[in-house]
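# Compute the structure for the input listed below.
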Amino acid sequence: MANIIALGAKKPTIHKSCWLAPNATIIGDVILSEDCTVWFSAVIRGDVCSIEVGSKTNIQDGVIIHGTYKKSKTVIGSEVSIGHGAVLHGCTINDKVLVGMKAVIMDHAVVQSNVIVAAGAVVLENAVLESGYIYAGVPAKPVKKIDQEQTEWHINRTADAYLLYSSWYQEEK
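Now for the predicted structure:
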């Protein structure tokens with residue numbers, strides 16, 4: 001069973017359709033909407049500010065989501081895939097985004113819808129990533145425009161796949 005921790009009056013709100021890995025940790029002021037999946041060793045730490053996660057979002061193995069006290073909450077939209085080992089800190093991620101493995105997105109950064117943040121990219125504080133591009137590098141810069149076919153393949157397919165994968169674990173109960 002996942003480690004779900006209340007902190008004073010701040011208790012995670014987790015929709016009943018979510019799947020949580022047994023060693024995922026969810027703390028404090030966190031909202032997980034319908035069909036979210038939180039994978040092995042992920043930490044969603046709503047102790048110093050709120051964290052909101054939209055529907056059908058997958059938070060993969062080893063992801064850390066946090067914010068900065070009295071400065072920056074974290075808001076994540078729907079159908080977002082957050083790759084293994086990524087760190088999201090006090091940022092806003094809109095709907096239909098793919099965050100690559102080991103990417104870092106810092107305070108007050110905004111990632112618009114239909115964006116791919118490449119593996120290992122670092123999105124600096126206050127950056128705005130415009131819709132329709134792949135961003136890569138340190139600091140992250142637009143490297144390629146993505147079309148509807150790429151959006152369907154990389155972003156939508158990944159969100160659907162993780163919902164499928166979670167069903168395999170639910171069948172084991």
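# secondary structure class for residue 169?
helix (DSSP: H, G, I helix; E, B strand; the rest coil).
# Quick one: residues in contact with the lowest-mean-pLDDT helix or strand in the chain.
Using mean pLDDT, DSSP states H and E, the weakest-scoring helix or strand in the chain turns out to be helix 148-150, at a mean of 85. Applying Cβ atoms under 8 Å, 6 or more residues apart in numbering, the contact partners of helix 148-150 are residue 116. (Each C-beta comes from the backbone N, C-alpha and C, glycine too.)
# list the buried ones in it?
Within helix 148-150, no residue is scored as buried using 16 or more other Cβ atoms under 10 Å.
# for residue 166, what are its contacts?
With Cβ under 8 Å, 6+ apart, residue 166 has these contacts: 19, 37, 58.
# on that earlier part again, figure out how far the least confident helix or strand of the chain is from the centre of its chain.
Between the centre of helix 148-150 and the centre of its chain there are 21 Å (Cα atoms, centre = their mean, to the nearest Å).
# partners of the closest residue in space to residue 7 that isn't next to it in sequence in the sheet?
Once flanking residues are discounted, residue 7 sits nearest to residue 28: 4.0 Å by Cβ to Cβ, 6 or more residues apart in numbering. For residue 28, the beta-bridge partners under DSSP bridges are residue 46.
# so what's residue 39 up against?
21, 24, 58, 59, 60, 61, 63.
# do the same with residue 104
Per Cβ under 8 Å, 6+ apart, neighbours of residue 104: 86, 87, 89, 121, 122, 123.
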